[in-house]
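Undergrad: Next come a sequence and a model predicted from it.
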Amino acid sequence: MRSCRHLGPALLLGLTLLATAPTTVAQPSPPTAEAKLAAKALADKGWELFNAGRYEDALTAFRDAEAQVHAPPFLVMAARSCERLGRLVEARSHYQRVLDEPLAANAPHAFQQAQADAKAELTALAPRIPTLEVALGRTPQGAVALTLDGERIAPAKPVEVDPGEHTVSGVVPGRPPVTRTMRLDERAKGYIVLDLMPPLAEAPLARSAPAASGRDLRKPLLIGGGVAAGVGIIAGTVFTGLALGDGSDAEDLRGKVDSDRELRGYCPSTQHPPLCAELSDTVDRQYAFLNVAIYSFIIGAAGVGTAIYALVDRPAAPASRMRVVPHVGAGSTGISLMGRF
């Protein structure tokens with residue numbers, strides 16, 4: 001960038017020559033003496049503020065000076081103030097305005113120097129301005145309202161922006177807006193894809209019955225487990241009592257077999273006397289009741305376990321919401337995660 005130290009005298013010289021020479025091909029009505037004095041005071045103030053690093057205040061002073069008396073040096077200094085503030089797009093517009101102005105052949109040297117400075121500084125500034133392009137994926141272009149930092153933009157066309165964080169939003173009628181945020185450094189080329197169409201599987205899922213939540217499943221599990229536990233425990237208890245009764249009867253019959261003089265404690269395997277047949281039936285029935293009791297208790301235990309699971313199970317807490325912010329620089333890319341973890 002060219003040195004700024006000569007611009008204080010240059011501004012004063014330009015204002016002095018305004019009274020004696022036309023500055024542009026299309027010369028408006030000449031400024032009054034009062035306007036020249038006001039512009040000079042504002043320009044001197046802006047120069048001091050600029051050198052003090054107070055660029056926002058300097059920008060305001062140079063704009064006010066330009067409003068009093070049009071002079072290309074004021075616009076050049078306004079552009080330089082914008083550059084220091086990181087407002088590169090606005091700086092470029094000021095430089096471009098100076099370049100687009102046709103100067104008369106006898107325009108003041110300060111005006112010609114300002115135009116030369118604007119050309120050189122715009123050439124250096126242009127590649128520093130980042131761009132952001134937004135693609136729409138499967139979404140038809142005519143069906144979406146696309147904005148960048150609240151301003152309408154066209155899709156698939158790079159837009160020049162200032163360095164910093166920018167928000168893109170797309171809206172399709174009947175659907176919630178989709179928003180993305182990206183941070184861009186100088187010289188960065190940002191690219192965002194907004195797909196505002198519903199997922200391919202969304203339409204069939206919308207017509208199907210909603211999936212049961214964890215809370216919906218707990219009730220049938222609790223009822224079923226309780227019924228199974230009650231039936232199993234009651235049945236197991238009943239058949240255990242029957243098996244114990246048959247066991248007692250079997251012991252009595254064994255005592256009778258042992259005391260019988262003919263049998264003498266032994267039941268033949270071929271011919272079963274009535275006493276031996278009754279003992280065999282009683283023992284078989286005892287084992288049958290025991291088996292039924294065991295299986296009943298197993299069912300009851302499974303029911304108890306199911307009921308306990310339904311009581312202690314809790315739906316999972318919803319996942320914490322996070323915000324993902326892509327970061328694009330001239331030589332690096334990355335993302336930032338923001339939110340509650």
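TA: Yes, it's here. Remember, it's a predicted structure, so these values are computed and weren't measured experimentally. Numbering: from 1, shown residues only.
Undergrad: use CA for all of it now, contacts and neighbours both
TA: Noted.
Undergrad: Over to residue 169. Which of the three states is it?
TA: strand (DSSP: H, G, I helix; E, B strand; the rest coil).
Undergrad: quick one, what contacts it?
TA: Listed by C-alpha atoms under 8 Å, 6 or more residues apart in numbering, the contact set of residue 169 reads 146, 147, 148, 177, 178, 179, 180.
Undergrad: cutoff 6 Å now
TA: By C-alpha atoms under 6 Å, 6 or more residues apart in numbering, the residues touching residue 169 are 146, 147, 178, 179.
Undergrad: Bridging across strands, which residues link to it?
TA: The partner list for residue 169 in beta bridges (DSSP bridges) reads residue 147, residue 179.
Undergrad: Relative to residue 137, how far out is it?
TA: Per C-alpha to C-alpha, to the nearest Å, residue 169 is found 14 Å from residue 137.
Undergrad: Now for this structure, the helix or strand with the poorest mean pLDDT.
TA: Across the helices and strands of the chain, mean pLDDT, DSSP states H and E gives its lowest value to helix 202-207, namely a mean of 47.
Undergrad: the strands in this protein, which residues?
TA: Secondary structure of the chain, counting by DSSP state E: strands at 131-135, 145-148, 151-152, 159-160, 164-171, 178-184, 189-193, 322-328, 333-339.
Undergrad: The ones you listed: which one's closest to residue 102?
TA: Each of those has some distance to residue 102 by C-alpha to C-alpha; the shortest is strand 159-160, at 26.2 Å.
Undergrad: What strands line up against the closest one, and which way round?
TA: strand 131-135 (antiparallel).
Undergrad: what angle do the strand it pairs with and strand 189-193 make?
TA: Interaxial angle, strand 131-135 versus strand 189-193 (axes from the mean of the first three to the mean of the last three C-alpha atoms, to 10 degrees): 20 degrees.
Undergrad: Looking at this protein, which helix is longest?
TA: helix 214-259 (DSSP state H).
Undergrad: about what we covered before: among the contacts of residue 169, find me the one that's closest to residue 93.
TA: Nearest to residue 93 among the contacts of residue 169, with distances taken as C-alpha to C-alpha, is residue 147, at 21.4 Å.
Undergrad: Hmm, the closest one is touching residue 153, no?
TA: Yes - counting by C-alpha atoms under 6 Å, residue 153 is a contact partner of residue 147 at 5.5 Å.
Undergrad: low-confidence ranges in this protein?
TA: Where the chain drops to pLDDT under 70, the residues are 1-28, 198-216, 222, 257, 260-273, 275, 310, 313-341.
Undergrad: most surrounded residue in the contacts of residue 169?
TA: Neighbour tally across these (other C-alpha atoms under 10 Å): the maximum, 23 neighbours, falls on residue 146.
Undergrad: State the distance from that one to residue 35.
TA: Relative to residue 35, residue 146 is positioned 44 Å away (C-alpha to C-alpha).
Undergrad: cool, residue 81 as well?
TA: 23 Å.
Undergrad: Which one's more surrounded, these two?
TA: residue 81 (27 against 15).
Undergrad: what about the residue lying closest to that one once chain neighbours are set aside, neighbour count?
TA: In space, and not counting its chain neighbours, residue 81 is closest to residue 55: 5.2 Å by C-alpha to C-alpha, 6 or more residues apart in numbering. By the measure other C-alpha under 10 Å, the count of residues near residue 55 is 22.
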